[in-house]
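Student: Return atomic coordinates for the entry below.
(2 chains)
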Amino acid sequence: KQEVTQIPAALSVPEGENLVLNCSFTDSAIYNLQWFRQDPGKGLTSLLLIQSSQREQTSGRLNASLDKSSGRSTLYIAASQPGDSATYLCAVSPGNTGKLIFGQGTTLQVKP
Amino acid sequence: GAGVSQSPSNKVTEKGKDVELRCDPISGHTALYWYRQRLGQGLEFLIYFQGNSAPDKSGLPSDRFSAERTGESVSTLTIQRTQQEDSAVYLCASSPYSGANVLTFGAGSRLTVL
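Tutor: Got it, this is the predicted structure:
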C-alpha cells in the first residue's frame, strides 16, 4: 500500500530564507507527483506536477525534484516571503486518474 | 461558475443524523472527486465519477457513505447515521477528464459531528 510522508510537519523561517520541504513515498510505481498549497478555509492549489519520467519542474521561485527510484521528492522555495505561509501537500498518483495519495503536509510560516 | 463550489461551508450535526454535502464542479469538467481531510491529516480519496462510467467507490470508508452525480454536473455526498469520527473537511475537485490530473478543488465543507 502506497504511503506518503512529509517532513517536517511544521517549519518556521525568517523572510528571505531558502527552504526545502521533503516528501517520500513507499512505492516507486507512480504515474506522477504533485505539490499543492493549502490556505486556511480555501481549497488546494496545484503548484507543480512532475511526470514519472521527469526529474524536476520549476515555476518562479519554486522548484520540485523527483527521484522515483529512491521514492523522494523535494520542494525548494527560494527567497521565502510571508505570503508563502501555508500548508504544502505532496501527492502521488498511482495511475492516470485523479485518485491521489496525499502526505499529511508541511505547515510553513514565513516571518516578516 | 469560475470554480468548484461546495455547500454548506460549515455543518454542525448531532451524532446519528444524516447529512448531505453538495458540489458544483466547473462547467464542462467530466471528472469529479470527493476527498476527506481529518484534522491534521492529509487528504483521503473517497470516490470519483468520470462521465457516464460507473463511479470508483473504492475509498468510501463504510456503507454509511454514498455519493451521486447527475450527469456531468452536481454531485451530492451523503453520510448516514453520522459518527464523531466523520468530523472532517470534505473536499470536492473536478478536472476536464480523469486522465488530466489537473484537479481544481473547492473550498470544502467542514462537518462537525457532536
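Student: Just the element for A:T58, please.
Tutor: strand A:56-59 (DSSP states H and E).
Student: Note down every partner strand of that strand and its orientation.
Tutor: Strands that pair with strand A:56-59, judged by DSSP bridges, come out as strand A:62-67 (antiparallel).
Student: Just checking whatever helix or strand comes next after the strand it pairs with against chain B, any contact.
Tutor: As assigned by DSSP H and E, the chain's next helix or strand after strand A:62-67 is strand A:72-77. No: on the criterion Cβ under 8 Å from any Cβ of the partner chain, strand A:72-77 is out of touch with chain B, staying 14.4 Å away. Glycine gets a C-beta too; all of them are placed from N, C-alpha and C.
Student: Direction included, what does strand A:72-77 pair up with?
Tutor: strand A:19-25 (antiparallel), strand A:62-67 (antiparallel).
Student: before we move on, the earlier item: now do the buried residues in the strand holding A:T58.
Tutor: A:Q57 (16 or more other Cβ atoms under 10 Å in any protein chain shown).
Student: if we can go back for a sec, looking at the strands paired with strand A:72-77, which is nearest to B:T82?
Tutor: strand A:19-25 (32.3 Å; Cβ to Cβ).
Student: Just after the closest one, pick out the following helix or strand.
Tutor: Next helix or strand after strand A:19-25 toward the C-terminus (DSSP H and E): strand A:32-38.
Student: Spatially central residue in chain B, please.
Tutor: Nearest residue to the geometric centre of chain B (Cα atoms, centre = their mean): B:W34, 3.3 Å.
Student: what does chain A have sitting close to chain B?
Tutor: A:4, A:6, A:31-32, A:34, A:41-46, A:49, A:89, A:91, A:93, A:96-105.
Student: Can you pick out the ones from those residues that are in strands?
Tutor: Within these, residues falling in strands by DSSP state E are A:4, A:6, A:32, A:34, A:44-46, A:49, A:89, A:91, A:93, A:101-102.
Student: Tell me where chain B is predicted with low confidence.
Tutor: Scanning chain B for pLDDT under 70 picks out B:1, B:98-100.
Student: ok, back up a step: turn the ones in strands among the residues of chain A next to chain B into CSV, including pLDDT and neighbour count.
Tutor: Shown next, in CSV, are those (pLDDT from 0 to 100; neighbours: other Cβ atoms under 10 Å in any protein chain shown):
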residue, pLDDT, neighbour count
A:V4, 96, 23
A:Q6, 96, 22
A:N32, 92, 20
A:Q34, 94, 23
A:L44, 90, 26
A:T45, 92, 13
A:S46, 92, 17
A:L49, 93, 18
A:L89, 96, 26
A:A91, 95, 28
A:S93, 92, 20
A:I101, 94, 22
A:F102, 95, 22
